[in-house]
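A.B. asks: with the sequence up front, the predicted model follows.
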Amino acid sequence: MSLFYKPNKPTDAADEKLLTSYRESGDLAILGRLYEKQMPLVYGVCLKYLNDAEQAKDAVMAIFEELIVKVKQHDIKHFKSWLYVLSRNYCLMQLRAGKKMEMVNLDDFMEFTPLLHPDENNREEAMKALDNCMDKLPGNQKQSVSLFYLDEKCYKEITEVTGFSLNDVKSYIQNGKRNLKICLEKVSE
């Protein structure tokens with residue numbers, strides 16, 4: 001056994017007490033005390049993976065929100081180690097989501113429509129056709145498509161702005177794209 005190994009460190013015992021107390025009571029103040037001790041660790045992990053101080057701060061808050069549910073779902077032996085893994089996984093998911101969003105742009109969205117790849121002669125006509133077709137979309141589709149492609153918002157931001165569920169936002173964007181394609185193809189005929 002290593003000379004540095006210290007089983008049952010006082011902080012582990014205190015963390016275990018706080019965990020048990022939170023699970024029994026559901027009192028967020030207790031979970032907050034437990035999390036507050038680990039916030040520098042969580043922030044450091046998030047900063048390492050996300051490479052952005054503001055995103056790391058946001059992640060620290062989002063991870064706390066996840067803890068509210070996940071602490072009750074998992075059998076946690078060592079809170080600090082478990083929280084490190086949870087934080088790392090959260091950041092990796094954010095990075096994956098960001099890459100997916102970077103890969104989508106308006107040109108890819110409508111690559112099949114000549115009106116969205118206008119030359120100098122018909123640029124104004126193309127923009128009018130796009131505006132006209134956007135106006136024909138149902139309100140929820142128009143709002144979601146506009147926020148996603150024109151304002152470059154991610155799904156989560158759209159749900160926050162609109163109040164739509166995540167599944168609804170995805171559906172509105174998919175259906176809106178299809179409806180725009182149909183409308184723009186009719187205009188170009």
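C.D. replies: Yep, it's here. Everything numeric in this text was worked out from a predicted model, so none of it was measured. Numbering: from 1, shown residues only.
A.B. asks: just want the most central residue of the chain.
C.D. replies: Lys156 (5.1 Å; C-alpha atoms, centre = their mean).
A.B. asks: go ahead and confirm that residue touches Leu166.
C.D. replies: Yes: using C-beta atoms under 8 Å, Lys156 is in contact with Leu166, at 7.5 Å. The way it works is simple: take the backbone N, C-alpha and C, and place the C-beta from them, glycine included.
A.B. asks: returning to what we had before: same for the helix or strand the residue nearest to the centre of the chain falls within, what does it pack against?
C.D. replies: If you go by DSSP states H and E, Lys156 is part of helix 155-162. Secondary-structure packing of helix 155-162 (3 or more C-beta pairs under 8 Å, 6 or more residues apart in numbering; DSSP states H and E): helix 139-145, helix 166-188.
A.B. asks: the same query, at a cut-off of 10 Å, please.
C.D. replies: helix 79-103, helix 139-145, helix 166-188 (3 or more C-beta pairs under 10 Å, 6 or more residues apart in numbering; DSSP states H and E).
A.B. asks: of the ones you listed, which stretch is the most buried?
C.D. replies: Neighbour counts (mean count of other C-beta atoms under 10 Å) averaged over each of the helices and strands packed on helix 155-162 peak at helix 139-145, with a mean of 19.
A.B. asks: using PDB, write out every CA atom in that one.
C.D. replies: Output of helix 139-145 as PDB, limited to C-alpha atoms (Å, rounded to 0.1, in the frame of the first residue of the first chain):
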ATOM      1  CA  GLY A 139     -45.100  30.800 -37.900                       C
ATOM      2  CA  ASN A 140     -43.300  28.200 -35.800                       C
ATOM      3  CA  GLN A 141     -41.300  26.900 -38.800                       C
ATOM      4  CA  LYS A 142     -40.500  30.500 -40.000                       C
ATOM      5  CA  GLN A 143     -39.300  31.500 -36.500                       C
ATOM      6  CA  SER A 144     -37.200  28.300 -36.000                       C
ATOM      7  CA  VAL A 145     -35.700  28.400 -39.500                       C
END
